[in-house]
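*Asks:* quick one: sequence and predicted model below, then my questions.
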Amino acid sequence: MLTRLHEITENLLEKWECRLIEINGEEDHVHILFQYHPAMELSKFVNNFKSVSSRKLRQEFPEQINKFYWKEVFWNSSYFIASCGGVTISTLKKYVENQTCPHE
């Protein structure tokens, strides 16, 4: 399912004229590192991402999702976004890659 989320995210970011650098996640959240134009309205992108990914994942993985997830909403309404000034992209990419290995 994470592989499919990667595809959905990459396609959606392309439509927003952004570039996916890395994506990874754990059971209860996902980390997405991407490059975007400073004028982009991030809140609109996040809402669009949550709507599109939720709809597609529910359609494509109904058995897996219904087995473990019973809420009406797929994503929590909150999100966190930070810019990476002063940190190299390789450092951030390594952080996101290691999200399947907690506390590293």
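*Replies:* In hand now; what should we look at? Residues are numbered from 1 along each chain as shown.

*Asks:* from now on I want contacts and neighbour counts done on CA atoms only, so please keep to that.
*Replies:* Fine.

*Asks:* so where do the strands sit in the chain?
*Replies:* Per DSSP state E, the chain carries strands over the ranges 19-26, 29-35.

*Asks:* out of those strands, which is the most enclosed?
*Replies:* Among those, strand 19-26 has the highest mean neighbour count (mean count of other C-alpha atoms under 10 Å), at a mean of 17.

*Asks:* so what strands line up beside it?
*Replies:* Strands flanking strand 19-26 in the sheet, each with its direction: strand 29-35 (antiparallel) (DSSP bridges).

*Asks:* what is the rounded mean pLDDT of the partner strand?
*Replies:* Mean pLDDT, computed over strand 29-35, is 90.

*Asks:* got a list of contacts for that strand?
*Replies:* The contact list for strand 29-35, computed with C-alpha atoms under 8 Å, 6 or more residues apart in numbering, reads 18-25, 92-93, 96, 99.

*Asks:* off-centre distance for it?
*Replies:* 5 Å (C-alpha atoms, centre = their mean, to the nearest Å).

*Asks:* just the C-alphas of that strand, formatted as PDB.
*Replies:* Written as PDB, here are the backbone C-alpha positions of strand 29-35 (Å, rounded to 0.1, in the frame of the first residue of the first chain):
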ATOM      1  CA  HIS A  29       1.800   8.600   9.600                       C
ATOM      2  CA  VAL A  30       3.700   9.400   6.400                       C
ATOM      3  CA  HIS A  31       6.700  11.600   5.700                       C
ATOM      4  CA  ILE A  32       6.900  13.300   2.300                       C
ATOM      5  CA  LEU A  33       9.900  15.300   1.200                       C
ATOM      6  CA  PHE A  34       9.200  17.400  -1.900                       C
ATOM      7  CA  GLN A  35      10.300  20.500  -3.700                       C
END
